[in-house]
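*Asks:* How does the following fold in three dimensions:
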Amino acid sequence: MPRTPAESPADDTSRADVGLVCALSMELNYFFDRCEKVRTLSGAGFRFRGGRLNGIRVASVESGAGMKKAARAACALIDGHAPAWIIACGFAGALRAGVKIGDIVVSESVTTPLGAAITTPHGMSSDPSNGLHVGRVLTADKIVRLVKDKQALAHQFDAIACDMESYAVAEVCRDAKTPFMIVRSVTDDLSADLPAEVHALLASTGAGRLGATVGALWNRPESVKDLWKLREHATVAARRLAPFLASVVEQLHAAKAGQRV
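*Replies:* As a prediction, the model looks like this:
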């Protein structure tokens, strides 16, 4: 939408200082609770949210699960809002012992099972006592449910956590020459396998998700306890992600503003 003559650049809601790419709305709900003037709209097949965090213009896009969707969503975010920074954010699964539910993972490089890798320099250091882990993130093509598979991937790729979208976002940002980071919060650790029904929670639409969940419960009624526990873990992760992500957004914006001085 073009600006009217009365609008200043600071009022331009079509642009964003920082863009966020997530797979699911719940990953950023607590973050947007911290924002003002939050608006939601749909376009290009995605759901967008925008708001202001202490005056910083923030826009997010919800991609759904998987690299193809994440790549398309990142392109739509860049085309629609031209953010100075993009953060691939949301949930991740721990691949190593000591990385706990609710801990924060910041990527210093991201790789795929085929060995493609992109570095993500940012200058942060791990602080495990405060739940912060810095290292390699693996973007897998499916949910890694089993503890034994997580341990094998950690050994093979020297990764500390895995997700299903970050590499695709990093690749789009690299090609678009848009600075980016990867910030994740852990929903599942090495204490137990994920239930097989976890796939039901990643259905692309609300109706599809509901139908898949109902089907999963019909096939294994006792799975309701497992899914409810996973939901609780996701809530913990989203709550922990919100203040850390807000701090990162503020620091990135301040650094960008300092470069313009």
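
*Asks:* quick one, phi/psi of residue 52?
*Replies:* The phi and psi torsions at residue 52 (degrees, to the nearest 10) take the values phi -120, psi 130.

*Asks:* Show me what it bridges to in the sheet.
*Replies:* Residue 52 forms beta bridges with residue 36, residue 57, as assigned by DSSP bridges.

*Asks:* ok, it - how many residues close by?
*Replies:* Counted with other C-beta atoms under 10 Å, residues neighbouring residue 52 total 15. C-beta here means a position set from N, CA and C on the backbone, and glycine is covered the same way.

*Asks:* Residue 194 too?
*Replies:* When neighbours are defined as other C-beta under 10 Å, residue 194 has 19 of them.

*Asks:* which residues touch it?
*Replies:* When contacts are counted by C-beta atoms under 8 Å, 6 or more residues apart in numbering, residue 194 touches 93, 143, 145, 146, 188, 230.

*Asks:* ok, 6 Å please
*Replies:* 145, 188 (C-beta atoms under 6 Å, 6 or more residues apart in numbering).

*Asks:* so where is the stretch 51-200 of the chain shaky, pLDDT-wise?
*Replies:* Within the stretch 51-200 of the chain, the segments meeting pLDDT under 70 span 197-200.

*Asks:* Residue 60 contacts residue 51, correct?
*Replies:* No: judged on C-beta atoms under 6 Å, residue 60 makes no contact with residue 51 at a distance of 8.8 Å.

*Asks:* Counting neighbours, go ahead and name the busier of the two.
*Replies:* residue 60 (32 against 21).

*Asks:* nearest spatial neighbour of the more buried one, skipping sequence neighbours?
*Replies:* residue 20 (3.9 Å; C-beta to C-beta, 6 or more residues apart in numbering).

*Asks:* For the one you found, pull up the helix or strand it's in.
*Replies:* Of the helices and strands defined by DSSP states H and E, residue 20 is found in strand 18-22.

*Asks:* strands paired with that strand, and their directions?
*Replies:* Partners of strand 18-22 in the sheet, by DSSP bridges, are strand 56-62 (parallel), strand 85-94 (parallel).
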